[in-house]
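Student: The following block contains a protein sequence and its predicted model.
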Amino acid sequence: MDALGNISGIVFKLLEDLNTPRSLSVFLLIKNGEYGQLVNLDVDPLHYNSPDSFRSDAIATDLLRKCAGLPTGINTREVAIKTFFDTEKICCNSNIRFLRHIHNGPFESPDDMRVHSFYARVKERIRLILGTLPSSLDGRFGPGATFNDRGQRSVVLDKMSSHATITPGARCLLGFYHQTAWSRSQVSDPLFKSDPLTIRGNRFLTVPKNAKTDRGIAVEPSINGYFQLGVGSLIRKRLNRLGIDLQHGQSLHRLLACKSSYDGSLATMDLTSASDTICRQLVRFLLPVDWFSLLDSLRSPTTLIDGRIVALEKFSSMGNGYTFELETLIFCALALECASSLNIDVQIGSNLSVYGDDIIVPTELFKPLRAVLNYSGFSLNEKKSFGSGLFRESCGGDFFHGVPVRAHFIKEIPHEPQHIITLANGIRKLATHNVDSHLFDPRFLRAWFRALELLPSNVRRLRGPAALGDLVIHDLPEFWVTRTRSSIRQILVYHPVPRVIPLARWGPNVQFAAALYGISSAGVTPRGGVSGYRNRWVCFS
């Protein structure tokens, strides 16, 4: 119980008022400090016949399931490292399997020939989607770390001023790098001169994911990462021509999941460790030679993990700038060809959509596509994939017979007012389905009020609409703190104060390169760079 700190009262009131056998079980596990058992609880929607009964148990089960830092007795980093090596074994087996297809045999049976023919047609689909390889390549910086740029020292100017890093395979693309202002700023530095530092591959690190495991991420060399993101943008544009809109894909998936939970027309599929099980030989076989050559030159062939260099069986991983687009491309092509082979009519955006490893297809395609994915080296997450029953989930949307039933996850123990606001808003969403609604489920009232009691009085009064996110406590309009200036309504919010680093910290050549890249002269804010919070008026029409 002490592990929950000052939110134990919120959690217990919520569990008491849900008043189900599952909420009682969760209550007792917390009381007795059995957090290891708690995070391993599960709830199966196929065992329920009403949205409310499932939703109540899902709320109780999932409330702390993803909460990092609970005393579960689980070494979450070790679990992530084990997953890394387990997926490497999967990729190794997949690579052996697909070498036969790359070399056109030997095949042992007519079934092998039919499988080969299927993947050859998938390959042709991918060729048509990707089209001609462009003659030039632009890149961009991502928000995270690179091999040499760690933690808070990973803003764009840090990346431009540290010694640029690159793998041997990517050196063939240095001509594109030397066209950038970034390169010219490096040339002007007598320490680095013009030649980037060549390293063997990426490095492995973990970040919190949930109470059972960390998330493994491969941090790429800076030049590789820069152009990986550029290639990802290229693939994204080609997918957009097909009708796969990755900018708005999550909203579409939630709409389709809601619809299909009611009429059963569509299946939702989710994969386990999808990005870490894209094996190299699958990509080599499916992509056109020139596209594969480009992507292969930019991938990291090795990972540095706990001082050990591991040659990779996977093609790319989470952390690579084009992995998300690449997996979307492959899964979409597999689904389209699977549907075509079975004469199932599909239309992208209507009854087929792919967003990373979130896949939505007609229900009759669920089992055949699962078999194709398994052969390709991917494993369906059976707990998050649904081809029958009244439940569907995709891209953060959970629906039971058309009713939203998504639980609220406490991902870390709150210790600041802004975290309590997030928790209060999560409880209110559970209580209303629509956070601006006048209807408030009384089962959540005590927990919501308890959350508000934990806030200082000057923060507790900051109420506002859901559209302002967690800058305010979501509440009805009559409780908002507003004023009007020049005929424009303003609302008082709890606003983060960014930590701004002035450009003077870096040399003039780097400042000039950053200006050409589009960095504001006012300075930069590191990822998560908040120095504090203050009450502030913001416009809201």
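Tutor: Now that the structure is in, tell me what you want to look at.

Student: List the residue ranges of the stretch 401-541 of the chain that fall below the pLDDT cut-off.
Tutor: Along the stretch 401-541 of the chain, the parts satisfying pLDDT under 70 run over 433-438.

Student: residue ranges for the strands of it, please.
Tutor: For the stretch 401-541 of the chain, the strands defined by DSSP state E, counting those that start in this stretch occupy 403-404, 463-464, 473-474, 482-485, 488-498, 530-539.

Student: Tell me where the longest helix sits in this structure.
Tutor: Of all the segments assigned as helix in the chain under DSSP state H, the longest by residue count is helix 76-102.

Student: Kindly format the C-alpha coordinates of the next helix or strand after it as CSV.
Tutor: Stepping forward along the backbone from helix 76-102, the first helix or strand reached (DSSP states H and E) is helix 110-130. Listed next in CSV are the C-alpha coordinates belonging to helix 110-130 (Å, rounded to 0.1, in the frame of the first residue of the first chain):
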residue,chain,number,x,y,z
PRO,A,110,4.1,-27.9,-54.5
ASP,A,111,3.0,-26.1,-51.3
ASP,A,112,6.5,-24.5,-51.1
MET,A,113,6.1,-23.3,-54.7
ARG,A,114,2.7,-21.8,-53.9
VAL,A,115,4.1,-19.9,-50.9
HIS,A,116,6.9,-18.6,-53.1
SER,A,117,4.5,-17.4,-55.7
PHE,A,118,2.4,-15.7,-53.0
TYR,A,119,5.4,-13.7,-51.7
ALA,A,120,6.5,-12.9,-55.3
ARG,A,121,3.2,-11.2,-55.7
VAL,A,122,3.6,-9.4,-52.4
LYS,A,123,7.0,-8.2,-53.7
GLU,A,124,5.3,-6.8,-56.9
ARG,A,125,2.8,-5.0,-54.8
ILE,A,126,5.5,-3.3,-52.8
ARG,A,127,7.4,-2.4,-56.0
LEU,A,128,4.3,-0.6,-57.3
ILE,A,129,3.7,1.1,-54.0
LEU,A,130,7.2,2.4,-53.6
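
Student: and helix 110-130, what other elements does it pack with?
Tutor: Helix 110-130 sits against helix 76-102, helix 222-242, helix 280-286, helix 323-341, with contacts defined as 3 or more Cβ pairs under 8 Å, 6 or more residues apart in numbering; DSSP states H and E. C-beta here means a position set from N, CA and C on the backbone, and glycine is covered the same way.

Student: In space, what's closest to residue 6 - neighbours in sequence excluded?
Tutor: By the measure of Cβ to Cβ, 6 or more residues apart in numbering, the closest residue to residue 6 outside its immediate chain neighbours is residue 454, 5.9 Å from it.

Student: Test my guess that that neighbour contacts residue 420.
Tutor: Yes: if you go by Cβ atoms under 8 Å, residue 454 and residue 420 touch, sitting 5.2 Å apart.

Student: residues shared between the contacts of these two?
Tutor: Common contact partners of residue 454 and residue 420 (Cβ atoms under 8 Å, 6 or more residues apart in numbering): residue 7.

Student: Between those two, which is the more surrounded one?
Tutor: Set side by side, residue 454 and residue 420 give different neighbour counts by other Cβ atoms under 10 Å, the larger being at residue 420 (24 against 18).

Student: In this structure that one contacts residue 455, no?
Tutor: Yes: assessed by Cβ under 8 Å, residue 420 is found in contact with residue 455 at 5.5 Å.

Student: shaky segments in this structure?
Tutor: 1, 188-194, 433-438.

Student: Any figure for the gap between the most far-flung residue of the chain relative to its centre and residue 473?
Tutor: Summary for the chain: using Cα atoms, centre = their mean, the residue whose C-alpha lies farthest from the chain's mean C-alpha position is residue 486, with a distance of 41.1 Å. In this structure, residue 486 and residue 473 are 26 Å apart, going by Cβ to Cβ, to the nearest Å.

Student: residues touching residue 483, list them.
Tutor: Going by Cβ under 8 Å, 6+ apart, residue 483 touches 489, 490, 492, 537.

Student: Now do the end-to-end distance for stretch 304-314.
Tutor: Terminal residues of stretch 304-314 are spaced 14 Å apart (Cα to Cα, to the nearest Å).

Student: neighbouring contacts of that stretch?
Tutor: Looking at what lies outside stretch 304-314 - Cβ under 8 Å, 6+ apart - the contacts are 81, 84, 87-89, 91-92, 94-95, 200-204, 276-280, 300-303.

Student: now the longest helix of the chain, how far from the chain's geometric center?
Tutor: Computed by Cα atoms, centre = their mean, to the nearest Å, the separation of helix 76-102 from the middle of its chain amounts to 21 Å.

Student: Compute the inter-axis angle for that helix and helix 110-130.
Tutor: For helix 76-102 and helix 110-130, the angle between their directions (axes from the mean of the first three to the mean of the last three Cα atoms, to 10 degrees) works out to 100 degrees.

Student: out of the strands of the stretch 401-541 of the chain, deepest packed?
Tutor: strand 473-474 (a mean of 25; mean count of other Cβ atoms under 10 Å).

Student: So in that sheet, which strands flank that strand, and in what orientation?
Tutor: Strand 473-474 has the following strand partners under DSSP bridges: strand 463-464 (parallel).

Student: So what's the gap between the strand it pairs with and the chain middle?
Tutor: Shown here is strand 463-464, whose average C-alpha point lies 29 Å from the average C-alpha point of the whole chain (Cα atoms, centre = their mean).

Student: host element of residue 268?
Tutor: Of the helices and strands defined by DSSP H and E, residue 268 is found in strand 266-272.

Student: Put the alpha carbons of that strand into PDB.
Tutor: Output of strand 266-272 as PDB, limited to C-alpha atoms (Å, rounded to 0.1, in the frame of the first residue of the first chain):
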ATOM      1  CA  LEU A 266     -13.800  -6.400 -39.200                       C
ATOM      2  CA  ALA A 267     -11.100  -8.000 -37.200                       C
ATOM      3  CA  THR A 268      -8.400  -6.100 -35.300                       C
ATOM      4  CA  MET A 269      -4.900  -7.600 -35.200                       C
ATOM      5  CA  ASP A 270      -1.900  -6.600 -33.100                       C
ATOM      6  CA  LEU A 271       1.600  -8.100 -33.200                       C
ATOM      7  CA  THR A 272       4.100  -9.000 -30.500                       C
END
